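Engineer: What follows is a predicted structure for the sequence shown.
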2 protein chains.
Amino acid sequence: MIQVAVMGYGTVGSGVVEVIEKNKEEINKKCGAGEAVNIKYILDLRDFPGDAYESKIVHDVEQILNDPEVKIICETMGGLKPAYDFTKRALMLGKSVCTSNKELVAAHGPELIKIAHENQCNYLFEASVGGGIPIIRPLNYSLTAEKIDAITGILNGTTNYILSRMEKEGVDFAEVLKDAQEKGYAERNPEADVEGYDACRKIAILSSLMCGKNVKYQDIYTEGITKITSTDFVYAHAMGKTIKLLAMSREEEGQFYAMVAPFLVSKSHPLYMVNDVFNAVCVHGNMLGDSMYYGRGAGKLPTASAVVSDVVDCARHIGKVIMCFWDAQDVELTGIERTSHRFFVRVALENEKKALQAFERASVIEADVPGEFAFVTEKMTEEEFDRKAKEAGMINRIRMNE
Amino acid sequence: MIQVAVMGYGTVGSGVVEVIEKNKEEINKKCGAGEAVNIKYILDLRDFPGDAYESKIVHDVEQILNDPEVKIICETMGGLKPAYDFTKRALMLGKSVCTSNKELVAAHGPELIKIAHENQCNYLFEASVGGGIPIIRPLNYSLTAEKIDAITGILNGTTNYILSRMEKEGVDFAEVLKDAQEKGYAERNPEADVEGYDACRKIAILSSLMCGKNVKYQDIYTEGITKITSTDFVYAHAMGKTIKLLAMSREEEGQFYAMVAPFLVSKSHPLYMVNDVFNAVCVHGNMLGDSMYYGRGAGKLPTASAVVSDVVDCARHIGKVIMCFWDAQDVELTGIERTSHRFFVRVALENEKKALQAFERASVIEADVPGEFAFVTEKMTEEEFDRKAKEAGMINRIRMNE
């Protein structure tokens, strides 16, 4: 028996219990050595009278930490407090922790991995990025012969759902958000999603694994989708493109860049077809070129499935360290003002001349939008763009992903 | 030092040497424990005067097999003879083998895995399916909490390149094939690719990992792309679809189905956008739903990168068995006559009445093709379709992937 505790019996936590129950045959087989996974405790502040797992519910974390039989803990509480403290104590006791908690991984990943390894156990976080998409393990176990130099992802399901509906229905952000909130696809406080903070934490995690060092999420330039309008989609459509919230990081000649922002994406790009709540991560390696990992970026069962895949990995490695390269040393990111793109720009019709003076080699975009003039600039740094844009009387600008 | 031998210094073998040389820093780090990978021997019948690795070339396999320092062998010879014999002997000596040889894996996979495990070493084959796309490891290590019930892939780069060009340029199969052969994208003897045999072996491997038992490639219904014409693409375009050679397997109520054939694929399907030499594999799990893995399906460096990722895995597990569930017990596949699809059908104009009598609830497809009548049937079994099609005077039929 491999005794497991689940901390936090919310959406993901109850999903973990459900996945382990429904697929126990496959899971026990994959753990190997005739072992079976058993949920011994579920930690939650609440009681769950009538729940099939009612008898496993405990309110005191000490009961789990003090039980030497518990070898693996699923941390599905979210947030930093008390998850950080519980995780640290569990790892120091040699109990592996599998988590879906991206805030905690982004904030304290390297420290917790180090503590785990010092205590011959593991801190795994497949579910923290891309929900059910296997991406952490492919980066750590599969792309081991590659020098990975770029990662570009659609890493937030809520914003991708909103942008997909804006595109399909031609309606504005606020309207779709309201409907998405009513349907439960967006949180009542949607800031973490729509301002890009969630995607920012996820790309910080992926970037850290790319570099082998620590990319601080606080250092990543982050721009959300709140300024994107249905008019932007009219232009996108005229250009044969769509608008996606991309999280990206890139290494170029020893410099690291990372950002989260809406981008215009071409039909020929594999991320173009990633719609609704689906997420995807493109990874570029120096031998392999482009590869992409696609699937459900969120949701109870996909996320729980990823947590349980970590449980299986821990069960296969009881007392052994699974390699993970993420040093505590911080990476110095190069400011985005030095990154270059082409920019799509909209100005009021009366500013046409002014804008074309500022951006000499612009390509005009024809679309049926009265009172406006729109164009795409040549490739230039953010710094140069910002300087020129000041003189152009801009309505909105969106970066182009090429 | 981890001493490695490469068997076969052709395209993939020389790629393996190149990847290990170019990315040695990353690779050695990922092997862990301060170890460095070193290529000690390269087995080939030929000499390579002037080659940087000339001094490593050996012509006698015994030199490699008899050297106890060699722990890992990359088998990049291809074909069954003498690769099967060499692999078996190496594994019996406790030397792990990493291979790109799909013929050998499809023909003798479970036997070789068993021998490896009995001798505390490993037989790994990430490069045998999907070139550089990490798919074997995600199936074995990542989707461990899933009951996988369907795999659908574009698994052959040559046919996908040919179909992509037929679609883009509106030209016929023979013309594109000839040009592809001249450019080196297709073999002089293209049968293994264009008749679907290559994709068949690859889906046999993936299906075996899905079932945990042996799916014999000989049992898989296989239809190539040689009958697809530019006219079929005219209709595909009229339907908003494209034509792809799909390799698929599916479990449904304990029955296993597998087949390789051209299918009409809708724009909304993630495989629609997989063009040119790219490949992709869609995996459906009961918790996760759909996930997809996309990348270069062939080519020297991507394939070599996959072989070297296996070398790293072996290096991390010297003397230890890496789990892989693929029993020798054969799976009994259900005949495809019992699978159901909708079918796209073209008949000569004079057969319109006859065809509509045979297929009562057909949806007519309008396209600018003189002298023909085309329609899509309702969903029916292959058996029922074949019976009805006999009375319809058919020009061509393509299955619909829905």
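Structural biologist: That came through fine.

Engineer: got a pLDDT number for the closest residue to residue A:339 other than its chain neighbours?
Structural biologist: Distances taken as Cβ to Cβ, 6 or more residues apart in numbering or on different chains put residue A:257 closest to residue A:339, at 5.3 Å, once the chain neighbours are dropped. Bear in mind the C-beta positions are built from the backbone N, C-alpha and C, glycine included. As predicted, residue A:257 sits at a pLDDT of 96.

Engineer: From residue A:219, how far off is residue A:257?
Structural biologist: To residue A:219, residue A:257 is 11 Å away according to Cβ to Cβ, to the nearest Å.

Engineer: any shared contact partners between the two?
Structural biologist: residue A:333 (Cβ atoms under 8 Å, 6 or more residues apart in numbering or on different chains).

Engineer: circling back to that earlier point, the residue nearest to residue A:339 is in what secondary structure piece?
Structural biologist: Secondary structure assignment for residue A:257, by DSSP states H and E: strand A:255-266.

Engineer: buried residues in that strand?
Structural biologist: A:256, A:257, A:258, A:259, A:260, A:261, A:262, A:263, A:264, A:265 (16 or more other Cβ atoms under 10 Å in any protein chain shown).

Engineer: from these, which single one is nearest chain B?
Structural biologist: residue A:265 (11.8 Å; Cβ to the nearest Cβ).

Engineer: For that closest one, give the beta-bridge partners.
Structural biologist: When assigned by DSSP bridges, residue A:265 has beta-bridge partners residue A:242, residue A:401.

Engineer: Tell me which helix or strand comes right after the strand holding residue A:257.
Structural biologist: strand A:278-285.

Engineer: what's the spacing between that following strand and its chain's center?
Structural biologist: 11 Å (Cα atoms, centre = their mean, to the nearest Å).

Engineer: For that strand, enumerate its sheet partners and note whether each is parallel or antiparallel.
Structural biologist: Partners of strand A:278-285 in its sheet, by DSSP bridges: strand A:148-154 (antiparallel), strand A:289-296 (antiparallel).

Engineer: Max pairwise distance over the buried residues of strand A:255-266: which two?
Structural biologist: Farthest pair in those (Cβ to Cβ) is A:256 and A:264. Separation: 23.8 Å.

Engineer: you'd agree residue A:367 is in a strand?
Structural biologist: No - going by DSSP: H, G, I helix; E, B strand; the rest coil, the assignment for residue A:367 is coil, not a strand.

Engineer: Would you agree it is in contact with residue A:235?
Structural biologist: Yes - assessed by Cβ atoms under 8 Å, residue A:367 is found in contact with residue A:235 at 5.0 Å.

Engineer: Looking at these two, which one has more neighbours?
Structural biologist: residue A:235 (24 against 14; other Cβ atoms under 10 Å in any protein chain shown).

Engineer: For the nearest residue to residue A:10 once chain neighbours are set aside, give me phi and psi.
Structural biologist: In this structure, residue A:10 finds its nearest non-sequential neighbour in residue A:76, 6.7 Å apart by Cβ to Cβ, 6+ apart. Main-chain dihedrals, residue A:76, degrees, to the nearest 10: phi -120, psi 30.
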